[in-house]
Every structure is written in structure tokens, then in C-alpha cells.
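**Q** Sharing a sequence plus its predicted fold:
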Amino acid sequence: MRHFDFSPLYRSTVGFDRLFSLLDNASSEVPAYPPYNIERTGENAYRITMAVAGFTEAELSVEAKEHVLAIKGEKADENDDREILYRGIASRTFERRFQLAEHVRVEGASLENGLLHVDLVRELPEAMKPRKIDITTGETKQIESAVN
């Protein structure tokens, strides 16, 4: 089994640090189905794209809870008279979990052309955003007081 080094990704991504740690620690245990991409679409925006050919919206579920994004696909039983000679398109049930970094929330999900797109956004609270601090000189200002 190959070992992938995710250390270069730690420097260039924001929001998925825990995800890369989990992938680094359990790369041999990560199932290969369904295949997916994680991409950065903006400074604080991400998109997970998962290939879910053959699944309908009703057969897919996306749930975010306590820094975990769970995507499940449950294929309905096909009780038809077809005899499949070769099955190259997988239609099995799957569940894939992603660890989300702090302050990352799911913005929405869409299904188009057999691809499930899950949009994520990282929103830092005002207290955590950088702010500019004014620099003052050593001069002291005297406050005038009104004397009766």
C-alpha cells in the first residue's frame, strides 16, 4: 500500500487541517468509493465534489453535526427482470465522513450530472479576526476639566 505525505497540504489549506490529519493517520482505512475532490473555491470557501452516479436526491443525505460532515447514499433495491452481465457502475450503499475545522459550516448541497457538490464556508467570529491596533507616541494628553 502506498503512503501519501499530506504535509505540503498543511501549509496551503485553511479549514481542513483535521481532515488531512485523519487522512494521514488512516490512509489505508479510507474506502475508495465513492471518489471525491476537495477544492478551495475562495479565500474562505471550499467545495467537496463526490461522484454519485446512479443516485437520486432521495437516495442521498448530507448531515453536519459537531464538526463532522456525513454523506450517505442508500440505493433502493432493484427488483426488476434485468440480467446484468457486467457491473461497472457501483450502486452500493456508502457512508463517507469528513472532519470539519472549527468555524466551518455547510452552506448548501446540489446534485448535477451525477456529481454531488457540498459547499462549505469558513466564518471566523469577529473576536478572532485580525484587527489593526493604533500606535501612539509617548506624549500624554491632558484632559481639561471644568472648574466652577
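**A** Happy to help now that I have it.
**Q** residue contacts, Asp119?
**A** By Cβ atoms under 8 Å, 6 or more residues apart in numbering, Asp119 lies in contact with 41, 45-47, 106-110. Backbone N, C-alpha and C define where each C-beta goes, glycine included.
**Q** which one of those residues sits closest to Leu124?
**A** Distance to Leu124 across these (Cβ to Cβ) is lowest for Ala45, with 13.0 Å.
**Q** and the closest residue to that closest one other than its chain neighbours, how many residues sit next to it?
**A** Excluding its sequence neighbours, the residue lying closest to Ala45 (Cβ to Cβ, 6 or more residues apart in numbering) is Val121, at 5.3 Å. When neighbours are counted by other Cβ atoms under 10 Å, Val121 registers 16.
**Q** before we move on, what about Ile71?
**A** Residues lying near Ile71 (other Cβ under 10 Å) number 22.
**Q** Is it within a helix or a strand, and which one?
**A** Assigned by DSSP states H and E, Ile71 falls within strand 68-73.
**Q** Can you name the next helix or strand after that strand?
**A** Criterion used, DSSP H and E; the element after strand 68-73 is strand 94-99.
**Q** now the angle from that next one to strand 68-73?
**A** Counting by axes from the mean of the first three to the mean of the last three Cα atoms, to 10 degrees, strand 94-99 lies at 170 degrees to strand 68-73.
**Q** Now the element after strand 94-99, going C-ward?
**A** Of the helices and strands lying after strand 94-99 in sequence (DSSP H and E), the nearest is strand 104-112.
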